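# Okay, predicted coordinates and the sequence, questions at the end:
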Amino acid sequence: MQKMQNVVVNVNGQILTPEQASVSVFDRSYLYGDSLYEVARTYKGKPLFLHEHLLRMKRSAELCHMALDQPLEIYQKEMQRTLEAFLSLPGQAAVEAYIRIVLSRGIGKIGFGLNCLLSPTQYTIIVQPLNPPSDEQFEKGFRFRVVDRLRNDSRALDPAMKSGNYLNNLLAYLEATNDGFDDALLCNSEGHITEGTTFNIFYARNGIIATPPLDIGILHGLTRHAVIETARQLGYWVREVRFSKERLYEADEVFMTSTIKEVFPVTQVDNSHTSPGPITKKLRDAFRSRVPEWLNA
Ligand SMILES: Cc1ncc(COP(=O)(O)O)c(C=O)c1O
C-alpha cells in the first residue's frame with residue numbers, strides 16, 4: 001500500500017500513523033457493517049458543530065440499539081486531540097481538516113447476538129487534510145443523475161441513522177458515475193426525491209426554496225438544518241415537501257448541502273441544465289458568514 005501523507009489516526013485513544021493503525025478482523029464493523037460514523041470539518045482550525053455531530057451519533061446509536069461504552073465527552077476530547085496532532089504535523093498548521101469518527105459495536109465471536117461481544121465499543125478517528133471543491137468547481141456546479149436504486153426505506157436501514165453501512169449509497173454513486181455524472185440522487189419507492197449519496201438536496205423556484213422533509217427518510221443533515229434556518233432569517237420561504245424528479249428539472253436553481261461541500265450548486269439533473277443561481281450563492285455566503293457565530297456559540 002502507498003504511504004498516506006499527513007493523516008493521523010486514533011484507535012481507541014492511541015494516536016498512530018495510518019501504517020500503524022489497524023482493527024481486528026472480528027470487529028463487527030468489518031463483519032456486519034455494525035458501526036456508526038460522523039464527519040466534521042474545521043474552519044480556521046476549529047471543528048464546526050462537533051457537539052451536534054456527536055449528538056447525532058448518539059441518536060444513531062439509539063436507532064440501532066448500540067450501547068455506547070464511552071461518554072460523548074471522550075469522543076469529543078479524542079477528536080480534538082487527534083486534530084491537534086494533525087495540526088502539529090509539518091506544514092499542516094494552516095490547513096483545514098477533515099475529521100471522521102467511526103464507532104463499532106465491538107469485537108466479538110461470529111454471530112449476531114450481543115452475547116458474542118468480547119469488547120466495549122471501539123472507536124477510530126481519522127484526521128486528514130480537507131479537500132473541498134474549488135471555486136472553479138462552484139461555477140461549474142455538480143451534475144447529478146436520479147438513479148434507479150432506491151434510498152433505503154426507514155423501516156429497513158433507517159437513513160436517519162448514519163451507519164457504517166453505506167453500500168446502498170455507494171452503489172447509487174457507481175450507477176451515476178458509470179453514466180458520466182458526478183453523483184447520484186435517490187428516490188423512495190413512491191418516486192419522491194429523498195437525498196443524495198452523502199448530501200441533502202434543495203431547489204428554488206420563483207424565489208421559494210424547497211427540500212424533502214425529514215420524515216421522508218433522510219439523514220438529518222446538520223448543514224441542511226443550518227441552511228434552512230439561515231434562509232428563513234434572510235426572509236426566504238422554505239418548504240419541506242415531497243416532490244418527484246420533474247420538479248428539479250423545472251427548478252430555477254438546484255443546490256446540495258453537506259458538511260464538506262457546504263452549499264453547492266447543481267447545474268445538471270439527468271438531462272436538464274441550470275446555472276449556479278443567486279439564491280445558492282447568497283446562501284453559501286450567508287452560511288460562511290455565520291460560521292464564526294456558530295463556532296463561538
Ligand atoms: C446520506 C447523507 N445525507 C446528507 C448528508 C449531509 O449531512 P451533513 O450536512 O450533516 O454533513 C450526509 C453527510 O454525510 C449523508 O451521508
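Thanks, I have the structure now.
# What lies in contact with stretch 4-15?
Here stretch 4-15 makes contact (C-beta atoms under 8 Å, 6 or more residues apart in numbering) with 16-23, 74, 78-79, 81-82, 85-86, 89, 91-92, 95, 122-129. Glycine gets a C-beta too; all of them are placed from N, C-alpha and C.
# try 7 Å this time
Identification of contacts with stretch 4-15 by C-beta atoms under 7 Å, 6 or more residues apart in numbering yields 16-18, 21, 78, 82, 85-86, 89, 92, 122-129.
# next one: stretch 260-271
Contacts of stretch 260-271 (C-beta under 7 Å, 6+ apart): 39, 41, 132-133, 138, 140-146, 199, 223, 227, 245, 248-249, 254-257, 273-276, 280, 283-284, 287.
# could you pick out which of the residues you listed are near the ligand?
When the contacts of stretch 260-271 are checked against the ligand using C-beta under 6 Å from any ligand atom, the ones in range are 39, 199, 223, 257.
# Highest neighbour count among these?
residue 257 (26 neighbours; other C-beta atoms under 10 Å).
# Just grab the bridge partners of that one for me.
residue 200, residue 263 (DSSP bridges).
# what residue is smack in the middle of the chain?
residue 198 (5.1 Å; C-alpha atoms, centre = their mean).
# any idea whether it is helix, strand or coil?
coil (DSSP: H, G, I helix; E, B strand; the rest coil).
# And the pLDDT at it?
Per-residue pLDDT puts residue 198 at 98.
# right, and it touches residue 256 too?
No. Residue 198 is beyond contact range of residue 256, at 9.3 Å (criterion: C-beta atoms under 7 Å).
# What separation do you get for the residue nearest to the centre of the chain and residue 207?
In this view, residue 198 and residue 207 are 28 Å apart by C-beta to C-beta, to the nearest Å.
# Just list the residues touching residue 89, thanks.
So residue 89 contacts residue 6 (C-beta under 7 Å, 6+ apart).
# Quick one: classify it as helix, strand or coil.
Here residue 89 is coil, with the state taken from three-state DSSP.
# so what pLDDT did it get?
96.
# before we move on, what about residue 2?
pLDDT, residue 2: 80.
# what are the phi and psi angles of it?
phi -70, psi 150 (degrees, to the nearest 10).
# Tally up the residues packed near it, please.
4.
# can you tell me how far it sits from residue 209?
Counting by C-beta to C-beta, the gap from residue 2 to residue 209 is 43 Å.
# Residue 142 too?
Taking C-beta to C-beta, one finds residue 142 at 18 Å from residue 209.
# Next: residue 133.
Taken as C-beta to C-beta, the span from residue 133 to residue 209 is 21 Å.
# who has more neighbours, the two?
residue 209 (24 against 15).
# and this structure, which of its residues are near the ligand?
Counting by C-beta under 6 Å from any ligand atom, the residues of the chain near the ligand are 39, 195, 198-200, 219, 221-224, 257-259.
# Find the pair from those with maximum spatial separation.
39 and 195 (15.2 Å; C-beta to C-beta).
# Quick check: the gap between residue 23 and the ligand.
According to C-beta to the nearest ligand atom, to the nearest Å, residue 23 stands 21 Å off from the ligand.
# Please list all residues in contact with that residue.
Contacts of residue 23 by C-beta under 7 Å, 6+ apart are 30, 122, 124.
# before we move on, back to that, which one of the ones next to the ligand among the contacts of stretch 260-271 sits closest to the ligand?
residue 223 (3.2 Å; C-beta to the nearest ligand atom).
# returning to what we had before: now list the buried members of the contacts of residue 23.
122, 124 (16 or more other C-beta atoms under 10 Å).
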